[in-house]
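> Sequence plus the predicted model coming up.
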Amino acid sequence: MVPGTPRCFTPTQLIMGSVGAEWGLGQADVAAYGLGGRVQLDLRVSGSKNAALPVIAATLLVAGSPAPLVLHNIPVIADVLRMLEILQRIGGVVHAVDCHSQVDCTVTLSLADVRLEGRDVAANPAFRLLRGSYYYMGALLAAGIRRGEFPLPGGCPLGDRPVDFHMTALRALGAEVTAEGDRVFVSVPSTGLVASSVHFPRRTVGACINLILAATGARGITTITNCSPDPVVRELIRFLGVLGVQIRGDPTTTLLVTGAAAARPWPDVEFSLLPDPVVAATYATLAAALGESSVTISPVRLDTVDVFLRVLETFGCSVSPVGDGIRVDVRDLTAPRGQCFMTGEHPHVHTDTMALLVVLVSLSRASPVDEDPAGSPYFVFRDFVYPDRLSLSLQLNLLGANATMEDSPGGAVIVTPTGGLHAGTVACSDLRGCASFLIAALSGSRGSKVTLQRGYHHLSRGYPGTLLKLAKRMGLK
């Protein structure tokens, strides 16, 4: 290779080859050891995983375009690489450039040779490995396919994750959608999709995204009400605008999506993803857990994490803006007495951060009674989106946490601060829970060991190499 030439990798090389091993994209357990001392860290936040998945699917709207698409800040994580692999299997040429940072890449896509008709696009096994693969359903319909068979998407086992809102929304545009067993069958009349008015019974990020994608290929203007104000939805709308799609309104009230897909002639496309708010929240939680530390985190979009950061401040953390990021300083992690955390739509507490808060409370010292004599000594957590996510608390008890779950579907978790956790072994069952276990491990006394079963499998799905690299520097095996 000529000196100075960027390193280029395909998604398969990143997942299966030596580069994938470098990022820890395997099935192995993780043995992490406590740091047990003051640290100063500078952590880089990758591009948003949850925004990258629909943006990658949306590139199918310009399938056949001779011009390459350039996407910046694409996170180097297994779920995103599998989305790119699906694109590659249907004729796309994918190159991830300058990935040696182990955080994110600039990805160049060439879709000139993508041909959708006659291909069983959803046959790729990667469809079953991640939840975001269902975004290809709306994008493929907008791109002009008339018939498709899709497996139900995979992802973390967080309980019931229905696709009924997705199916109802697509039917409103004229598609015939049926579910049989573990597959969804979709067909479109020869006249194509037709614009309609769709009102969601409750706000939903995934179904709103799928409807927006499909509506770009429908004749006329589709009206969507009660969509979702989540930053991921806004990021997709911003990307579709770069593709030439006309979308007016606001996802908090009403969206008007003009069909006929992307503009032709196709524009040159270059797009940068927003920083991942969940990764930023994870690093901020790590900073709080380490105690007496100073951690700089960048880049950070404050409007996507401000609620979470305000919660950290109630635990005694100091959060200051620094450049394009933040600095988190901690002296004494103290839990304010008696709070209830409930998930809600943006900007309220996000379901992806609930596991982080459970660990944060467990690691905190309870505030003295005389500071709040009427306050309760424990915290209540309720996740109305994915209640099973809170089951991590039972595993956390193996490390010395004091958490109980109500014995009812979607029941609350009650956590009492213990001031620290100890060594042990926990079983990772989902991405965010596993990251929380790793934070608990790193916060321990020097040399204390926590084994995370299947840790690499889960961490590599949502966190770039920075997290594992940091952990290795602190003694992870």
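Right, received. Where do you want to start? Residues are numbered from 1 along each chain as shown.

> The residue nearest to residue 325 when sequence neighbours are not counted pairs with what?
Residue nearest to residue 325 in three dimensions, not counting chain neighbours: residue 298, with 2.5 Å by Cβ to Cβ, 6 or more residues apart in numbering. In this view, the C-beta of every residue, glycine as well, is placed from N, C-alpha and C. With DSSP bridges applied, residue 298 shows beta-bridge pairing to residue 44.

> Residue 298 contacts residue 328, doesn't it?
No: the criterion here is Cβ atoms under 8 Å, and residue 298 misses it with residue 328 at 11.5 Å.

> More neighbours: these two, which one.
residue 328 (27 against 17; other Cβ atoms under 10 Å).

> quick one: which helix or strand includes that one?
According to DSSP states H and E, residue 328 maps onto strand 325-330.

> Same check on residue 233?
Secondary structure assignment for residue 233, by DSSP H and E: helix 231-243.

> That helix: how far from the chain's middle?
Offset of helix 231-243 from its chain centre (Cα atoms, centre = their mean, to the nearest Å): 16 Å.

> Could you give the average pLDDT over stretch 299-308?
Averaged across stretch 299-308, the pLDDT comes to 94.

> Output that stretch as CSV, nothing but the C-alphas.
Taking only C-alpha atoms (Å, rounded to 0.1, in the frame of the first residue of the first chain), the coordinates of stretch 299-308 have been written out as CSV:
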residue,chain,number,x,y,z
PRO,A,299,-18.5,15.0,20.2
VAL,A,300,-21.9,15.3,22.0
ARG,A,301,-25.1,16.9,20.8
LEU,A,302,-26.4,18.3,24.1
ASP,A,303,-30.0,18.5,23.0
THR,A,304,-30.0,14.6,22.7
VAL,A,305,-28.6,13.9,26.2
ASP,A,306,-29.5,16.9,28.3
VAL,A,307,-32.2,15.1,30.4
PHE,A,308,-29.8,12.2,31.2
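
> Now for the protein, the helix or strand with the poorest mean pLDDT.
Here the helix or strand of the chain ranked lowest by mean pLDDT, DSSP states H and E is helix 18-22, holding a mean of 36.

> C-terminal to that one, what's the next element?
Following helix 18-22 in sequence order, the next helix or strand is strand 30-33 (DSSP H and E).

> Quick check: which ranges of the stretch 151-300 of the chain have low pLDDT?
For the stretch 151-300 of the chain, the stretches with pLDDT under 70 are 152-162, 261-267.

> Recalculate using a threshold of 50.
154-161 (pLDDT under 50).

> Helices of that one, start to end?
Using DSSP state H, counting those that start in this stretch, the helices of the stretch 151-300 of the chain run over 164-172, 205-215, 231-243, 277-290.

> And the strands in the stretch 51-200 of the chain?
With DSSP state E, counting those that start in this stretch as the criterion, the stretch 51-200 of the chain has strands at 69-75, 93-97, 104-110, 147-151, 176-180, 183-187, 197-199.

> Save these as a markdown table, and put in distance to residue 356 and mean neighbour count too.
Conversion of the strands of the stretch 51-200 of the chain to a markdown table gives the following (distance: least, Cβ to Cβ, whole Å; neighbours: other Cβ atoms under 10 Å):
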| stretch | distance to residue 356 | mean neighbour count |
| --- | --- | --- |
| strand 69-75 | 18 | 21 |
| strand 93-97 | 28 | 19 |
| strand 104-110 | 21 | 22 |
| strand 147-151 | 31 | 17 |
| strand 176-180 | 34 | 13 |
| strand 183-187 | 33 | 17 |
| strand 197-199 | 33 | 15 |
